[in-house]
Structure formats: C-alpha cells, structure tokens
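K.L.:
Fold the stuff below for me.
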Amino acid sequence: MTTMQEPFDTAPIPATAPSVRRGAVLTGIYVGVGLLMIALNLRMGVASVGPVLPAIEQELGIPAAAAGLLTTIPVFAFGAFAFLTPALTRWIGLHRLLALTMVVVAVGIGIRLLPSPLALFGGTVLVGAGIAVANVCMPAVIKQDFAHRLGLMMGLYSTALFLGAAAAAALTVPFMVALDGSWRGALGLWAIPAVLALLIWTPRAIRSVADSPMVAGAPGDAITESPDEPRLAMLLRDPVAWAVTGFMGLQSLSYYAALTWVPTLLHDAGVPASEAGLLLSYSSLPGIAAALLVPTMLRHIRPTWFPVVASALLCAAGLTGLLVAPAGAAAWVWMTLLGFGQGAAIALSLTYIVLRAPDARRTAHLSTMAQGIGYLLAGLGPIGLGLLHAVVGGWTAPVAALVVLLGVQAVMGAAASRERHVRS
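P.N.:
This is a model prediction of the structure:
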C-alpha cells in the first residue's frame, strides 16, 4: 500500500486563456450531465420491479418466492458481471463501454415486454449485467474526468442512484394504472431514460475513439491500453482493497436486506401495507440528502472514521426502533435515521473506491473487486434474513443479526477511511 499524498478535491487547475477555460467548463458540465444521466439508470430497471410484483405473480401464476427472484437476481448479477469489466474496458474503451451499458439496459428492459416468463427473467439478468458493468466503470470515469472535483461528483453520483431508485419505486404503479393495468408497459417505460442517457453520452464515447492511444496516441482512453495494469491477484493480497471491498459488501447487504424485509416487518407489526410502502419510499429522502452532502464534507471531518461509525449507528438505531416501536409517528423517525445512515454508507463506500486508488486505471480494478465481491455478498442479505425469520418465526433475531453486521461494517469502513492507497 502507499500513503495517499494528494488532497481531496483540491488538485490545482492550471491557468489558461479565458476562452479555453470556458470551453473546459462547458465540456465538464456536459460530461457531468451525461454521467449523472447514466447514474439515474443504474437502479431504475431494478427498483421498478418490486412495486408491481403482486401483479406479476397474479398474471403469470408464479409463487411469491419465484417472483421475488426478480429483485434478488440483479444484485447477484451486479457482482458476477462486474468481473467482466476489465476485459471489456481493454477491448472497447472506458467511455464507449459506458455507452454500451445503456444499450444493454434498454434492451434488457425491452425484452421484459415479451409475453413470456423466460423473457421476464432473461431481461432482468440482462439489465443486471448492464448495470454491473456501469457500476464498475463510473468511479473510474469520475476519477479520470473529474480528478479535481471528486467530492462533488461522488456526491452527485450517489444522489442520482437514490433519485433513480426513488422515481422508479414511486412512479411504476401509477404508470401501470395509466396503462390499463399493464405491468409490462409500466416496466418498459424505464427504457426511455436509458435511451436518453445513451443519446447524451454518445458524443463523449465517439470522442474517446479519436482520443484512443491506438488511434492518435492521446490520453483519452489510456486506461484501456496501459501495459502495467495491476492484476486482481495483487489487490486480493492488499488489506486496503479488502477494507474497501468489505465495507462496500456489508453496507450493500444491509441496504438490500432492509429494502426487502422492512415493509414485511412493519406489516407484521400491524402497519397497513400502503403505509409500510410509503415509509420505505420516504426513507429515500434523507438518504438523498446524506448521499449528496457526505462526500463533499469528507476532507473536513476528523477523525476519518467518524462518518463511517455514525452511518452504522444511525442504521442500527433505525432498525432497532422499528423493532421496538414500529407503529405511529415513531416509525417516521426510525425511517429517517435509517435513510440517513444508508445514504451516508452508500456514498462513503463509492467514494472510498475513488480515493483509495491513485489513478483511473487502478480505480477501475479496485471498483471491480469491491463491487464484484461486494454485491455477491450483498445478495445473501435478503435470502439470509428471510431464512432466519422463517426459522425463528419473528424479527428480533434477524434485526439483531443485522445490527451485529453493522458493527463489522463500521470496522471495515474505519479501515477503508484511512488516507492511503492500494498497492501500485
């Protein structure tokens, strides 16, 4: 490992002519908008399924357990397909690969329109695969294109993830109602933002072809051609990489476990299903606020482990509160705490991927390891929590298990927060 030398968000911008600076600013705004449009699509195709699961079960005549796979398959896909990203990046190029992921996501959503359970599940796998590769690419692109604005861009990126998920969760059922009860049509509408993101990003992808070292020797997609790229095996022996990976995996496990089972916990406690769903949607609001603010504040917070521990404590307080007093006004307090904690943890885990690697190329490899292994671990969360609930017949033991894992998450996050780099 190496000690991190550069300050966070303070890289100097060289003095240039005003016209050049204006052009650079406009280009930066365009690239930033394109990245954020892509980020909005990295949860929509998944978060849109949960609200219409009852309609899917009824129309297709499949059991709830089988329908539930539509929400767990993408999480495992996030992990499994992440490991394809380094090879695809070398072959296609980082910016062009991001464009291709939007094609894959749009096609996967379109396939789900076909009147076949196989198409529904196959399209879901394809959506998960496209998102998995984009998940890995995004931190590397931000590191490469916004090295002097990492805190701002990681905050906006994390916020876009929450906004996309919240929009899909909130609007899919109204879309279905407007389309005369067609859940396929409602899911299919979420291909439109992916196409829009593709159209916005395509000029940047085309420009990267001209900038490719194979074409002009310029640095545009140099991440794809470097002969000394670190191997995953090296990262697997690096404690910094494992700290980042463990924190990413455990916060994702906690997030997806809560996303899957908190509505059921509330319903079992006597909260109406509609109110339980509203509470879950509401938790995205404090999550968005935390995701936007935390990365931009990191360089001012000491000790570095404080935001990690605070996020875990907020999640633990929210979950415990839901177990002890799940009804009435108190539930809104617990979901506020849980939302703040989850938003901060997600933003921190993504930001550490960028900060713990010295350049875009190594950021891409650390992102592959952290998100590949991390999401495979995260996929076990909803399954494990459901099995534990089925065995013990209550929610005390499952919530206690999550709180214990939050303690481990805090330890891993504290290690990831230390200002150092993975091995070069």
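
K.L.:
Contacts for stretch 378-398, please.
P.N.:
With contacts defined as Cβ atoms under 8 Å, 6 or more residues apart in numbering, stretch 378-398 is touched by 71-72, 75-76, 78-79, 249, 252-257, 259-261, 265, 268, 323, 401-402. To be clear about C-beta, it is placed using only N, CA and C from the backbone, and glycine gets the same treatment.

K.L.:
try stretch 232-244
P.N.:
By Cβ under 8 Å, 6+ apart, stretch 232-244 touches 1, 86, 349, 352-353, 356, 365-366, 368-370, 412-413, 415-416, 418, 420-423.

K.L.:
Then stretch 300-314?
P.N.:
247, 251, 290, 294, 297-298, 337-338, 340-342, 344-345, 348, 406-407, 409-410, 413-414, 416-419.

K.L.:
From those, list the buried ones, please.
P.N.:
Among these, the ones that count as buried by 16 or more other Cβ atoms under 10 Å are 247, 251, 290, 294, 298, 337-338, 340-342, 344-345, 348, 406, 409-410, 413-414, 416-418.

K.L.:
before we move on, the earlier item: if any of the contacts of stretch 378-398 are buried, give me the ChimeraX selection for them.
P.N.:
The buried residues among the contacts of stretch 378-398 can be selected in ChimeraX (16+ other Cβ under 10 Å) with this line:
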select :71,72,75,76,78,79,249,252,253,254,255,256,257,259,260,261,265,323,402
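
K.L.:
ok, which stretches of the stretch 151-300 of the chain are helices?
P.N.:
Taking DSSP state H, counting those that start in this stretch as the criterion, the stretch 151-300 of the chain contains helices spanning 183-188, 191-211, 232-235, 239-268, 273-282, 284-297.

K.L.:
again with the stretch 301-424 of the chain
P.N.:
Using DSSP H, counting those that start in this stretch, the helices of the stretch 301-424 of the chain run over residues 306-324, 329-355, 360-378, 380-392, 396-417.

K.L.:
I'd like to know the average pLDDT value across the fourth one.
P.N.:
Over the span of helix 380-392, the pLDDT mean works out to 90.

K.L.:
The last one too?
P.N.:
Averaging pLDDT along helix 396-417 yields 97.

K.L.:
Restrict the contacts of stretch 232-244 to the buried ones and give me that as a ChimeraX selection.
P.N.:
Selection command for ChimeraX covering only the buried members of the contacts of stretch 232-244, criterion 16+ other Cβ under 10 Å:
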select :86,349,352,353,356,365,366,368,369,370,412,413,415,416,418,420,421,422
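
K.L.:
Which secondary structure element of the chain has the lowest mean pLDDT?
P.N.:
The least trusted helix or strand in the chain, going by mean pLDDT, DSSP states H and E, turns out to be strand 2-3, with a mean of 48.

K.L.:
Beyond it, next helix or strand please.
P.N.:
Using DSSP states H and E, the helix or strand that follows strand 2-3 towards the C-terminus is helix 18-47.

K.L.:
ok and whatever helix or strand comes next after that next one relative to helix 273-282, angle-wise?
P.N.:
As assigned by DSSP H and E, the chain's next helix or strand after helix 18-47 is helix 53-60. For helix 53-60 against helix 273-282, the angle by axes from the mean of the first three to the mean of the last three Cα atoms, to 10 degrees is 120 degrees.

K.L.:
got the contact list for helix 53-60?
P.N.:
49, 62-64, 67-68, 70-71, 117, 120, 176, 181, 183.

K.L.:
By pLDDT, give me the weakest of those.
P.N.:
Ala64 (73).

K.L.:
Figure out the helix or strand that Ala80 lives in.
P.N.:
Going by DSSP H and E, Ala80 is in helix 64-80.

K.L.:
what angle separates that helix from helix 380-392?
P.N.:
Angle, helix 64-80 to helix 380-392, by the same axes, to 10 degrees: 150 degrees.

K.L.:
can I have helix 64-80 written out in PDB, keeping just the CAs?
P.N.:
What follows is helix 64-80, C-alpha atoms only, in PDB (Å, rounded to 0.1, in the frame of the first residue of the first chain):
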ATOM      1  CA  ALA A  64     -44.200 -15.300  -4.500                       C
ATOM      2  CA  ALA A  65     -40.700 -16.900  -3.900                       C
ATOM      3  CA  ALA A  66     -40.200 -17.200  -7.700                       C
ATOM      4  CA  ALA A  67     -41.400 -13.600  -8.300                       C
ATOM      5  CA  GLY A  68     -39.000 -12.400  -5.500                       C
ATOM      6  CA  LEU A  69     -36.100 -13.700  -7.600                       C
ATOM      7  CA  LEU A  70     -36.800 -10.700  -9.900                       C
ATOM      8  CA  THR A  71     -35.400  -8.400  -7.100                       C
ATOM      9  CA  THR A  72     -32.600 -10.600  -5.900                       C
ATOM     10  CA  ILE A  73     -31.200 -11.800  -9.300                       C
ATOM     11  CA  PRO A  74     -30.000  -8.200 -10.200                       C
ATOM     12  CA  VAL A  75     -28.000  -7.900  -7.000                       C
ATOM     13  CA  PHE A  76     -26.100 -11.200  -7.800                       C
ATOM     14  CA  ALA A  77     -25.700 -10.000 -11.400                       C
ATOM     15  CA  PHE A  78     -24.100  -6.800 -10.100                       C
ATOM     16  CA  GLY A  79     -21.400  -8.900  -8.500                       C
ATOM     17  CA  ALA A  80     -21.000 -11.700 -11.100                       C
END
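
K.L.:
Having no further points to raise, I will conclude here.
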